[in-house]
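> Dropping the sequence and predicted coords here.
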Amino acid sequence: MRIFNKYQPLLIAKYVKTFFSGRLYIHGRGAFSYARGILVMPENADDRHRRTVQEVNRLIGKMQAPAEAM
């Protein structure tokens with residue numbers, strides 16, 4: 001289990017994408033699990049959990065998308 005002392009969405013997204021499955025804790029936000037390279041919504045998710053999961057998963061999606069041709 002990795003513990004993040006600050007909420008840094010890009011750093012968390014890189015970590016989740018790299019390690020693919022496991023658990024993490026974000027100070028001030030709570031515990032999360034991730035599988036298949038994305039954060040999983042907890043069963044008892046409150047609004048803060050939902051926003052965090054959506055933001056981190058959106059960043060992961062942007063990292064996986066191919067770069068646009070110029």
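Thanks, I have it.

> Number of residues surrounding G30?
Residues near G30, counting by other CB atoms under 10 Å, number 14. Any C-beta I mention is one placed from the backbone N, CA and C, and that applies to glycine too.

> which residues in this protein form strands?
2-4, 22-26, 30-35, 38-40 (DSSP state E).

> Using JSON lines, lay out those together with mean pLDDT.
Formatted as JSON lines, those follow (pLDDT from 0 to 100):
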{"stretch": "strand 2-4", "mean pLDDT": "95"}
{"stretch": "strand 22-26", "mean pLDDT": "96"}
{"stretch": "strand 30-35", "mean pLDDT": "94"}
{"stretch": "strand 38-40", "mean pLDDT": "95"}
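
> how about stretch 13-32: buried residues?
Residues of stretch 13-32 classed as buried: A13, Y15, V16, K17, L24, I26, R29, F32 (neighbour count, 16 or more other CB atoms under 10 Å).

> between the residues you listed, which is closest to R48?
Nearest to R48 out of the buried residues of stretch 13-32 is R29 (CB to CB; 6.2 Å).

> Find me the pLDDT at the residue nearest the centre of the chain, would you?
Most central in the chain under CA atoms, centre = their mean is V56, positioned 4.0 Å from the mean C-alpha point. At V56, the pLDDT value in this model is 96.

> hang on, it packs against V40?
No: in this structure V56 lies outside contact range of V40 using CB atoms under 8 Å: 10.9 Å.
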